[in-house]
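A.B. asks: My questions concern the predicted model and sequence given below.
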Amino acid sequence: MTILDQLAAHARERVARAKERAPLGAVRRAAEALERGDFPFERALSGPGISFICECKRASPSKELIAPDFPYLEIARDYAAAGADALSVLTEPKWFLGSDRYLAEIARAVPLPCLRKDFTVDPYMIYEAKVLGASAVLLICSLLEEGELREMLALADALGLSALVEAHDEAEVETALRAGSRVVGVNNRNLRDFSVDTDLSRRLRCLIPREVLFVSESGVRSAGDVALLREIGADAVLIGEALMRAPDRRAMLAGLRGGV
């Protein structure tokens, strides 16, 4: 099994346990009782220039522990103060050491739209995201059949959640577009072997219509990287490790923003 297969399998186990604690019907009713909203994540990515999605991430399978000290509220507030447009919050607990609690607390404390960064394998996780306060969910093409992707996009839309649909190659971009994705992300990191190809966003950009928001994920480390993505018409960049390892997150983000 690849690490992506393991992440998906563990996500299914987590959903099964969560359903024992809080049945689907109860979580669905709680999500549907909330205000639908007007898709603030998409609005944040639609402004002029490149938008910055800044990630709160404690660890990853490829880099292991990134932030031994993880004051997640302070990190999120630093990002907001430095001009982030949206936040990405890891909730996957085993390999990324994430937590639903991080998302819920950040969403309440910081006035920026939050992406629930997790490995969505069941509609239950979309209802959970809404209840936790997320404005968007991550849907990974390589984990979902096209029919499943369509169903999850429709559910997210009904709840007022945006979906960042992640692709890794031409076929997955085409699947994302056929399914009706409004936000497509190209992950420059291959989640099967962790190799990083920072040119992948450039190669796949031409497949994505301009009316679809395009996000480049992973491998963005400098203002020069941001400038190159601006040249190809990226609407947003998602940056995690570079910011999490920076001794001064505000200064790092300010420097990255200087590249646009």
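C.D. replies: Looks like it arrived, so ask away.
A.B. asks: count of residues packed around Met1?
C.D. replies: Using other C-beta atoms under 10 Å, Met1 has 8 neighbouring residues. All C-beta atoms are positioned from the backbone trio N, CA, C, and that covers glycine.
A.B. asks: nearest residue to it other than its sequence neighbours?
C.D. replies: Ala9 (7.3 Å; C-beta to C-beta, 6 or more residues apart in numbering).
A.B. asks: Residue ranges in the chain under the pLDDT threshold?
C.D. replies: Within the chain, the stretches with pLDDT under 70 are 259-260.
A.B. asks: how about the strands in this protein?
C.D. replies: 51-56, 59-60, 64-65, 86-90, 114-117, 136-140, 162-167, 183-187, 213-217, 236-239 (DSSP state E).
A.B. asks: now the residue nearest to Met1: how far from Leu143?
C.D. replies: 11 Å (C-beta to C-beta, to the nearest Å).
A.B. asks: and these two? which has more neighbours close in?
C.D. replies: Leu143 (19 against 13).
A.B. asks: So that one sits against Met125, correct?
C.D. replies: No - applying C-beta atoms under 8 Å, one finds Leu143 not in contact with Met125, separated by 11.3 Å.
A.B. asks: returning to that earlier point: for the strands of the chain, could you give me JSON lines that also reports mean neighbour count and distance to Phe194?
C.D. replies: Shown next, in JSON lines, are the strands of the chain (neighbours: other C-beta atoms under 10 Å; distance: least, C-beta to C-beta, whole Å):
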{"stretch": "strand 51-56", "mean neighbour count": "26", "distance to Phe194": "16"}
{"stretch": "strand 59-60", "mean neighbour count": "20", "distance to Phe194": "9"}
{"stretch": "strand 64-65", "mean neighbour count": "10", "distance to Phe194": "12"}
{"stretch": "strand 86-90", "mean neighbour count": "26", "distance to Phe194": "16"}
{"stretch": "strand 114-117", "mean neighbour count": "27", "distance to Phe194": "16"}
{"stretch": "strand 136-140", "mean neighbour count": "25", "distance to Phe194": "15"}
{"stretch": "strand 162-167", "mean neighbour count": "27", "distance to Phe194": "15"}
{"stretch": "strand 183-187", "mean neighbour count": "26", "distance to Phe194": "11"}
{"stretch": "strand 213-217", "mean neighbour count": "25", "distance to Phe194": "14"}
{"stretch": "strand 236-239", "mean neighbour count": "26", "distance to Phe194": "16"}
